[in-house]
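J.: Mind folding the following:
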Amino acid sequence: MATDLGELLVPYMPTIRVPRTGDRVFKSECAFSYDSPESEGGLYVCMNTFLGFGREHVERHYHKTGQSVYMHLKRHVKEKATGAAGGAISRRRNGKVFLDLELNRDFNGVDYEYEDEAKLVIFPDHFEIPLPNIEELPALVTIACDAVLNASSPYKKQEADSWEEEIQVSKHARSLRQQENGVRIPPSGWKCAKCEMRENLWLNLTDGSVLCGKWFFDGSGGNGHALEHYKETNFPLAVKLDTITPDGADIYSFDEEEAVLDPHISEHLLHFGIDMLQMQRTENGHHTDNDVQPCVSDWEVIQESSLKLKPVYGSGYTGIKNLANSCYLSTTMQVLFSIPEFQRAYVGNLQRIFDYSPLDPTQDFSTQMAKLGHGLLSGQYSKPPMKSELIEQVMKEEYKQQQRGISPKMFKALVSKGHPEFSSDRQQDAHEFFLHLINLVERNSSGSENPGDVFRFLVEERVQCCQTQKVRYTQRIDYLMQLPVPLEAASNREELIAYESKRKEAEENMRPPPEPVRARIPFTACLQAFTEPENVPDFWSSALQAKSAGVKTSRFASFPEYMVMQIKKFTFGVDWVPKKLDVSVDVPDFLDLNRLRATGLQTGEAELPDLTPPIVIPEDTRGSTTNNSLESPEIDESSVMQLAEMGFPLEACRKAVYYTGNMGAEMAFNWIIAHMEEPDFAEPLAIPSYMEPDLPSPSFPTISALDNQPPEESISILTSMGFPRHHTIQALKATNNNLERALDWIFTHPDCEDESEAMSDTAETEPNNNSFSNANAHSDSSLSPDQDLSSPRVRDGPGRKFLQNTELNKQRSTHTEDYTVCIHCWIDISLLMLLFFFFLKGYELFAFISHMGSSTMSGHYVCHIKKEGRWLIYNDHKVCLSERPPKDLGYMYFYRRLSSC
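T.: Numbering: from 1, shown residues only. Predicted coordinates:
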């Protein structure tokens, strides 16, 4: 038999490898699904690439790569039997165990036993060789099999790089005996029983003594009374009071002399009257009576934990396991995959994405997105319990959590790769992760549908010089709307003032603070605060050619199909620690933002000159350089002659070289292309005069070829109606990019002569980098550097879909100079455009993400999504029907644009 197996494996020996240092062995998760060794079909690990595949995907890998030898892993799990005395038999582990394979399920505290089965499978005949089989297998195969079975999880390597030390369960946790002494710990106002310390306080879990620490964890000061108490009593465990949250607490074992875990901490705290659901960690990690605690019911209200929620199963109702503070990722992905465009882009193209995936699909973004989407939407991992299981639970009078969800370790490792925050196990901001993911979607959608475009919109920013009243309009791209929270507009302002008075009185008298009062902010007040002008720091007025006061207002130049709205609840305290505003905002179910649409340059408004701030010159050379430049500007004559030989006017060439700072003929050429339409293009160079004599040098006009270019999205709207591109560009320029006025301009200037279409396209289709230079940091980070801006990326209003389907009109009028065809179709289009501009339908709320905790660095996220007319709550792996969705306590809100009738 040994000879037969050796001969059987001879043809495949060159393809069998022994894992080396740096090789990742995926033996707990399929690369294309969430199948694992616990799945019905087990998991197949390629003995060459060490990738794992479920039963329905291993054939694809075999046909694509030709790899024939796989290790099949199967784990059999069952409840642990009970002995005659009723006690549980100790866990039994089979000798053939996948040493680094985690138990991939939540057993609700019940002990289970399991057996692991491994065998080699040779494709395509599915010939099986049981393992271990040391005597019959070649030495190389035996070594390779042992290495795979003992290989560490690819995700453990990331955890090893973390600075956080793994904390073990205390040996005293299960056997801890608590005294029945009637001690009850209040929710606040603590101090050491032996001194006046109010910081770094520890609760002994045996007798309930509250004593100060000395050097535990953060090095905070103290008199060491907690340690002295242990030496006197030998009571081993203590919990730090200001760290107790519904997620756990910091626990120290004096006997083991290290931080430990206590699986029964909630019961141990409840013994002294402390309900973990009503506890909150303070912002700075140290409890003082001065801290204003968030409302104690936040955790209960947002999670609806006081209600008996009905779990749901099936397609679209699959939860996501929490992978060490990964709820920010889970809630974001649940909402995104409830959007049809994301479903269509990834799940709808599942087979094509999988078939054309690279050899290492674990590192392919589209593959992992399709895998996650299929896991959430297929219902394969969200099946209701069988009737026999329910009957058994009723008979035993116990309830086991049936919802297990999926564990997207591979997806999290990929999307967080190289990111200093998301690659850690710390809690993160869901808003920042949303923008990070949209950026990844944008980068990986080249040549295919980009579902992230449904969030994309244009913001018009109007900057006004307060001294001259002149204005400048610019546009930038963004993906969400950030609403400020004006606390001064609270509807319960008197109640807040009374609470503040009581809090100060309690502080002066060393009493516990009163019950916190949550500010109730009207949503209309948040919208009004969004529209208010804001000061522009270090504003440089091109009209004054000096620094001045400036204000900026923002409006929507387009509306997206899906509007994401963030309530700016987080701010920074005086100690630069992120803090959360405890507010309630009455967010509406239906939203009309049409009054926030941008209007462009208005009649009577004067534009700021198109000049850039002067170049700052070092102090030691400022005087001489300024005088020389004003008297006789230095111009590189060699660059001037190069441009003149191309046929451009000599004076225009001199201006181009001067305004580009003598940076060469190429830069000057770009300036010429950008300014050759100006009426004073060929006029002699004129040095601007200055209000202050010590300004260093004349300010330079912008050198980009597209500072005055109309937005490509506006051009696409008009060209899709059948108008030639060069005429469309001229119309938008003449009307300051206002679509309404541009349409009117086109029909009132049918005989207008423009420069050649070829020259217009050359000058107007360069990548626009300066149009969005004023975008905020989040918007900038969301733009892909290689994105194709020539395609319509902004979907503005319900009429947008109709405009995209008028390709026939475009073809009928592209090659003609008159507009007969366009005029015939204008009657229908004009009516739609009127609806498009003046009767834009509103938005309907379909999802929101809520945060519990004092800052983005801690706490927990859950999301509520409206599906089939009912609200559901997604809380990690649990998916239930929502009874009271807390819409007023959300952090991010997702609206869908109502479809046209």
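
J.: what about Ile353, how many residues close to it?
T.: 24 (other CB atoms under 10 Å). In this view, the C-beta of every residue, glycine as well, is placed from N, C-alpha and C.

J.: Need phi/psi at it.
T.: When quoted as degrees, to the nearest 10, the phi and psi of Ile353 stand at phi -60, psi -40.

J.: Go ahead and confirm it touches Leu372.
T.: No - the pair Ile353 and Leu372 does not pass the contact test of CB atoms under 8 Å, sitting 11.8 Å apart.

J.: Can you check which residues contact both of the two?
T.: Tyr346 (CB atoms under 8 Å, 6 or more residues apart in numbering).

J.: can I assume Thr21 sits in a helix?
T.: No - with DSSP: H, G, I helix; E, B strand; the rest coil as the criterion, Thr21 is coil rather than part of a helix.

J.: Is there a neighbour count for it? I'd like the number.
T.: Close neighbours of Thr21, defined as other CB under 10 Å, add up to 4.

J.: Output the contacting helices and strands for the helix or strand encompassing Arg60.
T.: Using DSSP states H and E, Arg60 sits within helix 55-65. Packing partners of helix 55-65 (3 or more CB pairs under 8 Å, 6 or more residues apart in numbering; DSSP states H and E): strand 43-46, helix 350-355.

J.: Enumerate the positions of that helix that are buried.
T.: 55, 57-58, 60-62 (16 or more other CB atoms under 10 Å).

J.: Using CSV, list the CA coordinates for that helix.
T.: Provided in CSV are the C-alpha atoms of helix 55-65 (Å, rounded to 0.1, in the frame of the first residue of the first chain):
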residue,chain,number,x,y,z
ARG,A,55,-16.8,22.5,-1.7
GLU,A,56,-18.4,24.6,-4.4
HIS,A,57,-15.3,26.6,-5.2
VAL,A,58,-12.5,24.1,-5.1
GLU,A,59,-13.2,22.9,-8.6
ARG,A,60,-12.8,26.4,-9.9
HIS,A,61,-9.3,26.7,-8.4
TYR,A,62,-8.4,23.2,-9.8
HIS,A,63,-9.4,24.1,-13.4
LYS,A,64,-7.8,27.5,-13.2
THR,A,65,-4.4,26.5,-11.8
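
J.: contacts for it?
T.: The contact list for helix 55-65 (CB under 8 Å, 6+ apart) reads 30-33, 35, 39-42, 44, 46, 48-49, 51, 53, 67-68, 70, 123-124, 354-355, 359.

J.: same check, this time on stretch 29-38
T.: 27-28, 41-43, 51-57, 60, 73-75, 77, 98, 101, 104-105, 116, 354, 357, 361-362, 367, 371, 374-375, 380-381, 406-410.

J.: Look at that stretch and report the distance between its end residues.
T.: In stretch 29-38, first residue to last residue: 10 Å (CA to CA, to the nearest Å).

J.: What mean pLDDT does it get?
T.: Stretch 29-38 carries an average pLDDT of 94.

J.: same deal with stretch 712-729?
T.: 75.

J.: Convert it to CSV, retaining C-alpha atoms only.
T.: The C-alpha trace of stretch 712-729 is given here as CSV (Å, rounded to 0.1, in the frame of the first residue of the first chain):
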residue,chain,number,x,y,z
GLU,A,712,-17.6,67.8,-16.8
GLU,A,713,-20.8,66.7,-15.2
SER,A,714,-22.6,69.9,-16.5
ILE,A,715,-21.0,69.4,-20.0
SER,A,716,-22.3,65.8,-20.0
ILE,A,717,-25.9,66.9,-19.2
LEU,A,718,-26.0,69.3,-22.1
THR,A,719,-24.2,67.1,-24.6
SER,A,720,-26.5,64.2,-23.8
MET,A,721,-29.3,66.4,-25.0
GLY,A,722,-27.7,66.6,-28.5
PHE,A,723,-25.8,69.9,-28.3
PRO,A,724,-22.2,69.9,-29.7
ARG,A,725,-19.5,69.9,-27.0
HIS,A,726,-17.8,73.1,-28.1
HIS,A,727,-21.0,75.1,-28.0
THR,A,728,-21.9,73.6,-24.7
ILE,A,729,-18.6,74.7,-23.2
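
J.: from the middle of its chain, how far away would it be?
T.: 34 Å (CA atoms, centre = their mean, to the nearest Å).

J.: can you check stretch 463-474 too?
T.: Here stretch 463-474 is found 34 Å from its chain centre; the criterion is CA atoms, centre = their mean.

J.: What residues of it count as buried?
T.: Buried residues in stretch 463-474 (16+ other CB under 10 Å): 463-465, 470-474.

J.: and these, which of them are in strands?
T.: Per DSSP state E, strands hold the following members of the buried residues of stretch 463-474: 463-465, 471-474.

J.: what residues are up against Gln368?
T.: Contact analysis of Gln368 by CB under 8 Å, 6+ apart lists 361-362, 410-411, 414-415.

J.: From these, pick the one nearest Glu515.
T.: Val415 (41.1 Å; CB to CB).

J.: Phe422 is in contact with that closest one, correct?
T.: Yes - Val415 lies in contact with Phe422 (CB under 8 Å); the separation is 7.0 Å.

J.: Overlap in contacts, those two.
T.: In contact with both Val415 and Phe422: 329, 436, using CB under 8 Å, 6+ apart.

J.: Inside helices: which ones of the contacts of helix 55-65?
T.: 354-355 (DSSP state H).

J.: can you give me the mean pLDDT across stretch 167-185?
T.: Mean pLDDT, taken over the full extent of stretch 167-185, equals 88.

J.: got the buried residues for that stretch?
T.: By 16+ other CB under 10 Å, the buried positions in stretch 167-185 come out as 170, 172-173, 176, 178, 183, 185.

J.: So what touches stretch 644-658?
T.: 633, 635-636, 639-641, 643, 665, 668-669, 671-672, 675-676, 681-685.

J.: at 7 Å instead, please
T.: 633, 635-636, 639-640, 643, 668, 671-672, 681-685 (CB atoms under 7 Å, 6 or more residues apart in numbering).

J.: Quick check: pLDDT value at Glu677.
T.: 73.

J.: Neighbours of it, how many?
T.: Around Glu677 there are 15 residues (other CB under 10 Å).
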